[in-house]
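Colleague: quick one, structure for this:
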Amino acid sequence: MKKRWSALALALLMALSLVPAASAAPSVQIPDTAVEFNGHYYQYYTKSLSWEKAQAACQAMGGHLVAINSQAEQTFLENYLSYQNNSSLRGKYLIGLHRQVTGFDTWVTGEPVTYTNWGEKEPDNLGNRQDMVIFNNGGTIGYGNGGYKIDFGQWDDDTNSSYRYLCEWDFKPVWSNSSPWSSPELQKAQELDLIPEILYEADMTQTITRQEFAAVAVKTYENLAGTKALPAVINPFTDCKDTEVLKAYNLGITNGTSAGSTTFSPNKLLDRQEAATMLARTFKRATMPGWTMEQDASYPLSYTKPAPFADDAQIALWAKDSVYFMAANGIIGGVGNNRFAPTNVTTAQQAAKYANATREQALAIAVRMVENLK
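Modeller: This next block holds a predicted model:
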């Protein structure tokens with residue numbers, strides 16, 4: 001997998017206690033050989049496929065047939081493919097335009113076509129059977145002088161047949177903006193489909209908000225339960241309309257900032273005891289039929305309680321069961337000296353965000369939830 005959502009270190013020891021685990025079949029696969037340009041990744045494939053099968057192959061890896069939106073991107077691809085540097089690359093490559101599927105004014109991504117590099121007299125739909133569009137990675141096709149002519153790098157609508165193809169991925173992986181220790185964990189999170197859209201291209205080292213963590217919790221629930229979450233029909237909050245928050249609320253994973261509150265405080269930073277509590281609810285909702293937040297006391301967690309943390313007195317009563325459940329299952333550990341750091345107590349801790357969970361830590365514990373409890 002490409003390290004672009006660019007040994008456990010001391011930073012890990014001071015954050016969460018994590019252990020290695022096996023990964024599941026990837027939902028997004030960006031080859032190590034893929035090349036990057038302007039935040040996008042590209043890979044050529046020399047196996048010949050129909051346009052439909054080529055697009056399906058790219059989609060199966062989380063990408064799509066290439067969409068070329070500028071002269072700079074076109075030049076990059078010409079340099080990347082150039083058969084003059086590697087004769088084995090010579091040939092026609094399918095790109096993300098198809099007369100019958102997208103038209104020639106819209107890319108397969110849904111983006112409008114604002115840049116083109118058609119050959120002379122193209123597209124011409126010769127014989128009324130040329131629906132696919134290819135990128136010519138070879139010598140000149142045709143003869144010019146009033147007839148069609150497609151030079152190296154130019155596009156041509158071509159006969160519906162099988163050709164090589166170009167895949168593209170549109171986003172940077174979260175591990176490109178993360179601490180070194182978390183890269184393997186974030187790749188697992190991607191493979192397990194635990195990364196919500198709100199965290200795409202975010203700085204993973206920064207503290208996570210209530211809104212962001214709610215989205216992670218929803219993803220975790222969907223993985224554990226094997227079903228999709230639905231948002232609440234009626235929004236109880238006056239300060240948040242986010243769909244993922246409404247899903248978490250509908251599941252009973254989260255609520256307002258206080259009993260009966262109509263505020264969610266989406267941008268409030270999440271502390272470690274809040275993270276443990278929200279994920280414990282996620283586990284109960286996914287694995288205990290009939291569980292609701294109101295009936296939570298009737299659904300105890302089963303685990304052997306570990307020795308108390310040195311700062312046990314600072315853990316809120318409403319969070320203790322969740323904290324020790326997570327610790328007992330190797331999901332969230334201490335931060336050194338047998339401390340859990342449940343919440344920021346002093347002014348200095350508040351300023352240092354001592355007890356706050358970072359985005360990469362949140363995704364790492366989501367991975368542990370799936371690997372250790374599913």
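
Colleague: show me where the chain has its strands.
Modeller: Here the chain has its strands, by DSSP state E, at 35-37, 40-49, 64-65, 91-98, 132-137, 141-142, 149-150, 155-158, 163-169.

Colleague: rebuild those as CSV, extending it with mean neighbour count.
Modeller: Quick note: C-beta positions are derived from backbone N, CA and C, even for glycine. Compiled in CSV, those are given as follows (neighbours: other CB atoms under 10 Å):
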stretch, mean neighbour count
strand 35-37, 15
strand 40-49, 17
strand 64-65, 24
strand 91-98, 24
strand 132-137, 25
strand 141-142, 17
strand 149-150, 22
strand 155-158, 22
strand 163-169, 24
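
Colleague: all helices for the chain, in order.
Modeller: 10-13, 51-60, 71-81, 183-191, 210-225, 243-251, 272-287, 317-328, 347-352, 359-373 (DSSP state H).

Colleague: tabulate these (JSON lines), appending mean pLDDT and distance to A297.
Modeller: Listed next are the helices of the chain as JSON lines, based on pLDDT from 0 to 100; distance: least, CB to CB, whole Å:
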{"stretch": "helix 10-13", "mean pLDDT": "30", "distance to A297": "34"}
{"stretch": "helix 51-60", "mean pLDDT": "95", "distance to A297": "45"}
{"stretch": "helix 71-81", "mean pLDDT": "96", "distance to A297": "58"}
{"stretch": "helix 183-191", "mean pLDDT": "88", "distance to A297": "32"}
{"stretch": "helix 210-225", "mean pLDDT": "96", "distance to A297": "20"}
{"stretch": "helix 243-251", "mean pLDDT": "96", "distance to A297": "18"}
{"stretch": "helix 272-287", "mean pLDDT": "96", "distance to A297": "11"}
{"stretch": "helix 317-328", "mean pLDDT": "96", "distance to A297": "10"}
{"stretch": "helix 347-352", "mean pLDDT": "90", "distance to A297": "31"}
{"stretch": "helix 359-373", "mean pLDDT": "94", "distance to A297": "21"}
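
Colleague: I figured D157 hits V133, correct?
Modeller: Yes. The criterion here is CB atoms under 8 Å, and D157 meets it with V133 at 5.6 Å.

Colleague: circling back: please convert the strands of the chain to TSV, extending it with distance to T227 and mean pLDDT.
Modeller: Listed next are the strands of the chain as TSV, based on distance: least, CB to CB, whole Å; pLDDT from 0 to 100:
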stretch	distance to T227	mean pLDDT
strand 35-37	36	87
strand 40-49	31	95
strand 64-65	27	96
strand 91-98	32	97
strand 132-137	38	96
strand 141-142	51	90
strand 149-150	50	94
strand 155-158	43	96
strand 163-169	27	96
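
Colleague: so which of those strands gets nearest S82?
Modeller: The closest of those to S82 is strand 132-137. By CB to CB, the value is 7.4 Å.

Colleague: so which other helices or strands are in contact with the closest one?
Modeller: When contacts are defined as 3 or more CB pairs under 8 Å, 6 or more residues apart in numbering; DSSP states H and E, strand 132-137 packs onto helix 71-81, strand 91-98, strand 155-158, strand 163-169.

Colleague: please save the CA atoms from the second one in PDB.
Modeller: Spelled out, that is strand 91-98. The C-alpha trace of strand 91-98 is given here as PDB (Å, rounded to 0.1, in the frame of the first residue of the first chain):
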ATOM      1  CA  GLY A  91      -0.100   1.200 -26.700                       C
ATOM      2  CA  LYS A  92      -3.500   2.800 -26.300                       C
ATOM      3  CA  TYR A  93      -4.700   3.500 -22.700                       C
ATOM      4  CA  LEU A  94      -8.400   3.900 -21.800                       C
ATOM      5  CA  ILE A  95      -9.300   7.100 -19.900                       C
ATOM      6  CA  GLY A  96     -12.400   8.200 -18.000                       C
ATOM      7  CA  LEU A  97     -14.600   9.300 -21.000                       C
ATOM      8  CA  HIS A  98     -17.200   7.200 -22.800                       C
END
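
Colleague: who's in contact with the closest residue to N125 other than its chain neighbours?
Modeller: Among residues not flanking N125 along the chain, D157 sits closest, at 6.0 Å (CB to CB, 6 or more residues apart in numbering). Taking CB atoms under 8 Å, 6 or more residues apart in numbering, we find D157 in contact with 99, 104, 122-126, 130-133.

Colleague: let's see that with 10 Å instead.
Modeller: Counting by CB atoms under 10 Å, 6 or more residues apart in numbering, D157 touches 97-99, 104, 118-119, 122-126, 129-134, 150.

Colleague: for A319, give its distance to S302.
Modeller: As defined by CB to CB, to the nearest Å, A319 lies at a distance of 18 Å from S302.

Colleague: ok, these two, which is more surrounded?
Modeller: Using other CB atoms under 10 Å, the more surrounded residue of A319 and S302 is A319, with 21 against 6.

Colleague: and the more buried one, what is it in contact with?
Modeller: Neighbours of A319 in contact, by CB under 10 Å, 6+ apart: 271-278, 280, 340, 342-343.

Colleague: between those residues, which has the most around it?
Modeller: Of the contacts of A319, with other CB under 10 Å as the count, A275 tops at 29 neighbours.

Colleague: give me the outermost residue of this structure relative to its centroid.
Modeller: N145 (49.6 Å; CA atoms, centre = their mean).

Colleague: confidence score at that residue?
Modeller: Looking at N145, its pLDDT reads 74.

Colleague: contacting residues around it?
Modeller: Contacts for N145 (CB under 10 Å, 6+ apart) come out as E120.

Colleague: circling back: dump the helices and strands packed on strand 132-137 to JSON lines, plus distance to T257.
Modeller: Below are the helices and strands packed on strand 132-137 laid out as JSON lines (distance: least, CB to CB, whole Å):
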{"stretch": "helix 71-81", "distance to T257": "45"}
{"stretch": "strand 91-98", "distance to T257": "45"}
{"stretch": "strand 155-158", "distance to T257": "55"}
{"stretch": "strand 163-169", "distance to T257": "38"}
